[in-house]
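Trainee: Quick one: sequence plus predicted model below, questions after.
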Amino acid sequence: MTGHRIAVGAAATASVTESVSRTVGASVTESVALARSVALTRSETMARWTRPAPVDRVRPPDRLDVAVRRTGRYIPLGRVVSAPVRRGWLDVRTVGRDNVPAEGPVVLAANHLAFIDSPLVMFGLDRPVVFLGKSEYLNNPVSRRLFPAVGMLPLDRSGRNSRITLDRVAAILDRGGAVGLHPEGTRSRDGRLHAGHTGVAQIALRAGAPIVPVALVGTAGAQPVGRLVPRFRSRIEIRYGAPIGIGPWADNRRSARSRRELTDEVMTAIAALSGQERADTDSDAASPHAEAEAAGVTCG
């Protein structure tokens, strides 16, 4: 009887030991799995924070399309932020502001001597103005978001995607908006007024909008090529000329001759306002991408 009790006790002890071993083994296995999971999560978290920022995978045409659609959302903010520069840092004076229609479609065609030219025109009027600028600004993550937001309308100068921008220009003018551009296409390096690209006429003729010639005087001295910050208290004048209607050329809007004649009329008016010496080289003939470059862009 005693032997039987000993055998039963031994069996029970063995059963308990086996059960405990299984429980401990399972707990150890789960603990190891949990530890591995935590380690993996920490590893992934560290990798997420330490890996380089992802490369922008948006294709250039899509990037341009997005920027064009978002152009001008914060023009009032741009006007407010730039006010201390325009009114305090620089000595900016305006002549002939009344020549700019208060409403209705209008194209502002300005000479180009410095980077600050287009912002001065964009933010110097009481009505919103979008200004054509080169799409290369979209390659920089800061200017890609800032410039279009405050009114720069990027244009692909290669001609491959220029239609995206030109269609938006037409839509803005059709709604009675104002569009600015530099007919010369790039900054004048010698101070002379160079021949205008015919896109200024093409845009105006398509929309039936008048063109207001604009002359910026003093910006070349305030911000020479290569200078980031304009010189303190530089004297600058923005001169707005009388609007040029499309009447004489309205019947031949698609004619290359009409576009050239209207463009020449605009450049003559700008020269009279600015007092610049003319450098009459036909920039359209020299360009293999006439449609894109003809529209006129702001260049850095």
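Mentor: Yes, it's here.
Trainee: distance between the ends of stretch 130-146?
Mentor: Using Cα to Cα, to the nearest Å, one end of stretch 130-146 lies 13 Å from the other.
Trainee: now do stretch 189-203
Mentor: 26 Å.
Trainee: And that stretch, what's buried?
Mentor: Judged by neighbour count (16 or more other Cβ atoms under 10 Å), stretch 189-203 contains these buried residues: L193, H194, A195, G196, H197, T198, G199, V200, A201, Q202, I203. (C-beta placed from N, C-alpha, C; glycine too.)
Trainee: What ranges does the chain have for its helices?
Mentor: With helices called from DSSP state H, the chain shows them at 2-50, 60-70, 75-84, 117-123, 141-149, 162-174, 199-207, 219-222, 256-274, 283-286, 290-294.
Trainee: Relative to the whole chain's centre, how far out is the fifth one?
Mentor: Read it as helix 141-149. 5 Å (Cα atoms, centre = their mean, to the nearest Å).
Trainee: for that helix, packing partners?
Mentor: Judged by 3 or more Cβ pairs under 8 Å, 6 or more residues apart in numbering; DSSP states H and E, the packing partners of helix 141-149 are helix 60-70.
Trainee: What is the burial count for the closest residue in space to V81 that isn't next to it in sequence?
Mentor: Among residues not flanking V81 along the chain, V150 sits closest, at 7.9 Å (Cβ to Cβ, 6 or more residues apart in numbering). When neighbours are counted by other Cβ atoms under 10 Å, V150 registers 22.
Trainee: Hmm, V150 is touching R70, no?
Mentor: No - in this structure V150 lies outside contact range of R70 using Cβ atoms under 8 Å: 10.7 Å.
Trainee: Neighbours of the closest residue in space to D126 that isn't next to it in sequence, how many?
Mentor: Distance criterion Cβ to Cβ, 6+ apart; nearest residue to D126, sequence neighbours excluded, is A102 at 7.5 Å. By other Cβ under 10 Å, the residues close to A102 number 9.
Trainee: per-residue confidence for A102?
Mentor: If you check A102, the pLDDT there is 96.
Trainee: Could you do the one 3 residues further on as well?
Mentor: According to the model's per-residue confidence, P105 sits at a pLDDT of 98.
Trainee: For it, give me its contacts.
Mentor: P105 sits next to L173, D174, G176, G177, A178, A207, G208, A209, P210 when contact means Cβ atoms under 8 Å, 6 or more residues apart in numbering.
Trainee: ok, 10 Å please
Mentor: 170, 172-179, 203-204, 207-210 (Cβ atoms under 10 Å, 6 or more residues apart in numbering).
Trainee: Nothing else from me, thank you.
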